[in-house]
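Q: I'd like to go over a predicted model; first the sequence, then the structure.
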Amino acid sequence: MKIEGSVSVDAPADEVWTALFDPAVMNSCIPGATDIERVSPTTYRGKVGIKIGPIAPSFDVVVEIDETTENESVSATIRGEEGSRASMVNANALMTLEPLTAEQTELRYSTTVSVTGRLGKFGLGIMKKTAEKQARQFAEALSRRLSEAQPDDRGEQEQTPEPHRVRTRSASQPPAPSDLACSLENISFEYALPGGKTLPVIEDVSFDLRRGEVVTILGPSGCGKSTLLHIAAGLLPCKSGRITIDGENIIGRPGKTGLMMQSDELLPWRTVLENVLLGPEVLKGGTTKADSMRALELLEIAGLLNFEHHYPNALSGGMRQRVAFVRTLMLDRPLVLLDEPFGALDAITRGEMQQWLLEMRAQLDQTLLLITHDVDEAIFLSDRIMVMSSRPGRIALERASEFDRPRNFEEIVVDPRFGALKRDLLKAIHPRNSSR
Ligand code: ADP
Ligand code: MG
């Protein structure tokens, strides 16, 4: 596969080359490369791996920079060991940069990634996404490096400060028609009680989810979180408001979302693979070889390869939740809804599962709407957090979780911003307690 793009470089060619050879930039120009260090002017050493799940193969590489003409053209070749232990997948990446002259303000690049081994269509899709992401990161890293290199000595002619002079454009990327994955508008809901009474549970809830975003809903028990998720899953008809995915109102229509609950609901008489294949089996009346292939790939990403023929009772609680999550992913829905997915797990397993979910998310770019009562979990996992008030639930607070990804819980928990955000969220969840 080939990923092409260009970076607009408003800097002299030699400065661009110097910036290119910065290890930080090198690290981001090769798909899957990490820890690249310069060992000689034209040789870098590091690791490369196709990061697919916790068992990602990773092997040492030598990156050779082959400068064909000084300051004109550069290409980097990565060679990994033949065949990696974990998944029998091997990859090679070659990045080529077009010659750059003094007059040019555009640096064109192309990265060719070739993969050999047992990697089906789905795995290739992930590989492609990873490579595209890496190409964007390369352009961003180069941009950052260049703007650091030239503080403001050209400020005399150009007064307008442009923090990102370097635009990135990847030719293989779609033109991004819309960033919106799902939009909830003015959702209000009440349960009908015996005797003609009603119980108002949700009041005028509206928010959007962007593609690939993780949004968490926090709120006191009984405020209507699960009810809201069931409405979004199309399971509860709701007369007031709209939930739009791909331009369709999905209220009362279950086909656009996948729902995963606190209990894993695995069928004990079916193996892991058979449980995971349940979705396509029920929806299409049977499974194809492609379904099995995809199920195995997802199980591999989830760190469950070699467990496909086990029965659920042979698995730990955390593994069972992973299987349940993979089963939800098999439905291939634009939005996955998770109702306290780790609520039944012990604290240590929950921590491991949170980290695992972040890794899965990073690789799959899946949009997630998650419910939890655990404020730490919400901050750690989310891009944005919504706090619902007590019944009838309204959105009482919306906050972004401002920590960079990839995240490490031990690091962010000691960050003063963590404490401040947690305080605000707790105050919004229990407004009466907070005055004490
Ligand atoms: P949460 O998930 O935030 O704890 P739920 O959405 O499960 O809250 O429930 C919200 C409120 O609606 C609770 O008071 C609950 O008792 C009530 N409720 C839930 N399901 C039903 C139902 N089927 N009929 C009547 N009331 C219900
Ligand atoms: Mg609930």
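A: Nice, I can see it. Ligands and ions are numbered 1, 2, ... in the order given.
Q: I'd say L368 and V336 touch.
A: Yes. Contact criterion Cβ atoms under 8 Å: L368 and V336 qualify, at 5.3 Å. (Glycine included, C-beta is placed from N, CA and C.)
Q: pLDDT score for E402?
A: Reading off the confidence values, E402 has pLDDT 83.
Q: ok, it - contacts?
A: R417, L421 (Cβ atoms under 8 Å, 6 or more residues apart in numbering).
Q: hang on, the earlier thing: so between L368 and V336, which is more surrounded?
A: More crowded of L368 and V336, by other Cβ atoms under 10 Å: L368, with 25 against 22.
Q: tell me how far that one lies from R423.
A: Using Cβ to Cβ, to the nearest Å, L368 is found at 25 Å from R423.
Q: next: P416.
A: For P416, the distance to R423 - Cβ to Cβ - is 11 Å.
Q: show me which of those two is the more surrounded one.
A: With neighbours defined as other Cβ under 10 Å, P416 and R423 compare such that R423 has more, 12 against 7.
Q: mind listing what's buried in the helix or strand harbouring the more buried one?
A: Using DSSP states H and E, R423 sits in helix 416-429. The neighbour-count check on helix 416-429 (16 or more other Cβ atoms under 10 Å) flags F418, L421, D424, L425, A428, I429 as buried.
Q: try stretch 313-329
A: 315, 318-329.
Q: same deal with stretch 327-340?
A: 327-331, 333-340.
Q: before we move on, what about stretch 181-198?
A: Those would be A181, C182, L184, I187, S188, F189, E190, for stretch 181-198 by 16+ other Cβ under 10 Å.
Q: per-residue pLDDT, the spatially closest residue to the second one that is not a sequence neighbour?
A: Of all residues beyond its chain neighbours, the one nearest C182 is L209 (4.5 Å), with distances taken as Cβ to Cβ, 6 or more residues apart in numbering. According to the predicted model, the pLDDT of L209 comes to 95.
Q: low-confidence ranges, this protein, go.
A: 13-14, 17, 21-24, 26-104, 111-124, 126-127, 130-131, 134, 149-178, 433-436 (pLDDT under 70).
Q: for it, what spans make up the helices?
A: 13-20, 23-29, 121-149, 225-232, 272-276, 278-284, 289-301, 317-329, 347-364, 375-381, 409-412, 416-429 (DSSP state H).
Q: distance to ligand 1 added to these, as TSV?
A: Formatted as TSV, the helices of the chain follow (distance: least, Cβ to the nearest ligand atom, whole Å):
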stretch	distance to ligand 1
helix 13-20	51
helix 23-29	42
helix 121-149	33
helix 225-232	3
helix 272-276	25
helix 278-284	24
helix 289-301	28
helix 317-329	18
helix 347-364	18
helix 375-381	14
helix 409-412	25
helix 416-429	11
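Q: can you give me the neighbour number for R407?
A: Neighbours of R407 (other Cβ under 10 Å): 17.
Q: okay, G224 and ligand 1: tell me how far apart.
A: 4 Å (Cβ to the nearest ligand atom, to the nearest Å).
Q: equivalent analysis for S401, please.
A: For S401, the distance to ligand 1 - Cβ to the nearest ligand atom - is 21 Å.
Q: kindly report the same for F189.
A: 9 Å.
Q: for that residue, give me its contacts.
A: P200, V201, I202, G224, T227, L228, I231, L236, C238, S240.
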